[in-house]
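Q: No sequence on hand, only this structure:
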């Protein structure tokens, strides 16, 4: 009887939420660090966490993406675990949830201000002497880097741009603090698209053989770095929960998590082949030492041009749901927000797929809601369906 009353209250609470959050700020704290397609709106993650958990509980996001669920879980005094196969997602998420002492951020900003000013003065000489006297040595050293003559780098980046990028990346790699390396790498990653020979008229990363001369990246990088530093500095002003989120570079289909150990799963599954996550991040992945095509083959919903993209997604999605069922404690819940994307010219009913798979695995439907997606940059998915399922007590 008590359980029935609590479920009735939960259903009522779910139905009373305006899931659009149309006028809400979705870019507070670190949420807007680095562009990442298909982001989870933080207010949706926050509301689901509040509905399904209490402080001290552990929340899992098996499709972590850029870390929205982890940030909101931490703000709400929940422990959290995020899993993603995309190393770029892992890097961004780590930076978003890691507070760094203010003096370290100040020193990092000053360090790169001097370097970026020196780079600009070296390539555009004036009467002023570069702040770093050995800037020419850094340039010469960069030209000896194995990436300097690599065909992939020389294809995507014009020579002066590549030299500056190499100096900046090598300097980032030389830092002694891993949290600062991650932060600076995120700032570096976020400028690569605009510094490259990628066509500016398409969302996909397509090579433009007629690319105009690109602006040198030193100042662009510094501005990006300052932006990331300013956002990360806001974390120190929050009363963050002591337990730092656990971020795992791994596969949602094979979670390295114990049975019956998670209090809630909160996730926004990928849009099958509608958003090519690996391809969109291909330039960043290249600088991180990863092959985006190999990653695309491994991602649930990857290989969007394949005739088997939907069956591949179905298999991976079912395995994720199966793993979520395994790790959830009995009586605990999973929240999923899904859209119905167009793949190879046809609408894929991801909402129907989700309900069917959940029922097959033994989940019980608590409630579902619908949102129009007015707070998305592009409303190409139609309505989104928000599912609340429960794992039976026993």
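A: Arrived safely. Everything numeric here is computed off the predicted structure, so don't read it as measured data.

Q: pretty sure residue 114 belongs to a helix, no?
A: Yes: judged by DSSP: H, G, I helix; E, B strand; the rest coil, residue 114 forms part of a helix.

Q: Hmm, residue 131 and it touching each other?
A: Yes: between residue 114 and residue 131 there is a contact at 4.6 Å, judged by Cβ atoms under 8 Å. The C-beta positions use only the backbone N, C-alpha and C, and glycine is treated the same way.

Q: in stretch 5-16, what's buried?
A: The neighbour-count check on stretch 5-16 (16 or more other Cβ atoms under 10 Å) flags 10, 14 as buried.

Q: can you list contacts of that stretch?
A: For stretch 5-16, contacts defined as Cβ atoms under 8 Å, 6 or more residues apart in numbering pick out 51, 366, 367, 369, 388, 390.

Q: Run through the residues that contact the second one.
A: Which is residue 366. When contacts are counted by Cβ under 8 Å, 6+ apart, residue 366 touches 7, 10, 11, 14, 333, 388, 389, 390.

Q: what does the fourth one give?
A: Residue 369 is in contact with 14, 15, 17, 19, 385, 386, counting by Cβ under 8 Å, 6+ apart.

Q: Assign a three-state SS to it, would you?
A: strand.

Q: now the strands for the stretch 101-250 of the chain?
A: Along the stretch 101-250 of the chain, the segments classed as strands by DSSP state E, counting those that start in this stretch run 246-249.

Q: Longest strand in this protein, please.
A: strand 328-339 (DSSP state E).

Q: what packs against it?
A: helix 42-52, strand 262-267, helix 309-327, helix 350-361, strand 384-390 (3 or more Cβ pairs under 8 Å, 6 or more residues apart in numbering; DSSP states H and E).

Q: got the contact list for the very next helix or strand once past the shortest one?
A: In this case it means strand 262-267. Counting by DSSP states H and E, the element after strand 262-267 in chain order, helix or strand, is helix 277-280. Helix 277-280 is contacted from outside by 37-38, 86, 89, 203-205, 270, 285, 292-293, 295-296, 299, 301-302, using Cβ under 8 Å, 6+ apart.

Q: What residue spans form the domains of the chain?
A: With domains defined by automatic domain parsing, the chain comprises 2-97+239-390, 102-235.

Q: State the distance from the nearest residue to residue 162 once chain neighbours are set aside to residue 22.
A: Nearest non-adjacent residue to residue 162, counting by Cβ to Cβ, 6 or more residues apart in numbering: residue 153, 5.8 Å away. Using Cβ to Cβ, to the nearest Å, we find residue 153 at a distance of 43 Å from residue 22.

Q: between those two, which one's more packed in?
A: Legend: neighbour count by other Cβ atoms under 10 Å for residue 153 and residue 22, higher for residue 153 (18 against 11).

Q: which residues sit in contact with the more buried one?
A: Here residue 153 is in contact with 147, 162, 286 (criterion: Cβ under 8 Å, 6+ apart).

Q: What ranges in the protein fall below the confidence cut-off?
A: Applying pLDDT under 70 to the chain flags the ranges 1-3, 127, 239-241, 273, 373-381.

Q: sorry, back to before: tell me which two in the contacts of stretch 5-16 are the farthest apart.
A: Within the contacts of stretch 5-16, 369 and 390 form the most distant pair, 15.5 Å apart (Cβ to Cβ).
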